[in-house]
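K.L.:
Mind looking at a prediction? Sequence and model below.
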Amino acid sequence: MDTVELTVCIAIAVVLVGVAAFFFVRQRQTLQSVHADASMSEEQRRYLLTQARRRIAGSVLLLILAGMLVGSLFFDYEPLRTKIHELPAEQQEAAKYAVRVFGVYWMAFLFVLLALMALAVFDFWATARFSVQQQRQLFQQHQDMLEAELTEHRYRQDNSNGAPH
């Protein structure tokens with residue numbers, strides 16, 4: 001493997017590990033604060049707990065990707081660079097096996113990447129859904145407050161108009 005490829009691969013793996021560690025620590029803090037805050041509503045507590053679990057799972061998937069990326073550095077790519085029919089007969093079977101292992105390995109890598117992206121989309125969807133739900137709840141609370149104030153204002157106005165002077 002080329003030095004530039006090796007450096008880029010290791011740099012990407014280090015970034016993936018850093019991002020995974022950062023989000024893992026943040027979500028552990030979230031879990032601790034959720035368990036410590038007794039005044040939080042049950043709905044919000046449930047949302048934050050599932051969100052933290054999803055993001056911790058995402059961090060684990062990032063660590064797996066980083067490990068697989070570093071693991072790919074140990075592949076022997078030489079059989080893949082030459083055409084199979086140009087190899088000696090005794091090496092052709094080994095080259096075919098190397099191609100199969102290489103293909104399965106990178107398919108697994110892509111599957112983990114797909115799972116990570118699906119988890120990210122699911123997390124985005126859940127966050128958007130919770131946000132809309134909270135906006136509706138705030139709007140309803142605001143409407144209820146306005147109705148209560150209007151009722152109180154009308155009551156005061158009726159009492160001041162109907163009172164003898």
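P.N.:
Sure, I can see it. Numbers count the residues shown, from 1 in each chain.

K.L.:
State the distance from the residue nearest the centre of the chain to residue 66.
P.N.:
With distances taken as C-alpha atoms, centre = their mean, the residue of the chain nearest its centroid is residue 120 (3.9 Å). Separation of residue 120 from residue 66 (C-beta to C-beta, to the nearest Å): 16 Å. C-betas here are computed from N, CA, C, even on glycine.

K.L.:
One more: residue 98?
P.N.:
Taking C-beta to C-beta, one finds residue 98 at 23 Å from residue 66.

K.L.:
These two: who's more crowded?
P.N.:
Between residue 98 and residue 66, counting by other C-beta atoms under 10 Å, residue 66 is the more crowded of the two (20 against 17).

K.L.:
how close does that one sit to residue 26?
P.N.:
18 Å.

K.L.:
List the contacts of stretch 130-149.
P.N.:
residue 47 (C-beta atoms under 8 Å, 6 or more residues apart in numbering).

K.L.:
how about 10 Å then?
P.N.:
The contact list for stretch 130-149 (C-beta atoms under 10 Å, 6 or more residues apart in numbering) reads 41, 43-44, 46-48, 50-51.

K.L.:
Just list the residues touching residue 67, thanks.
P.N.:
Applying C-beta under 10 Å, 6+ apart to residue 67 gives the contacts 13, 16-17, 112.
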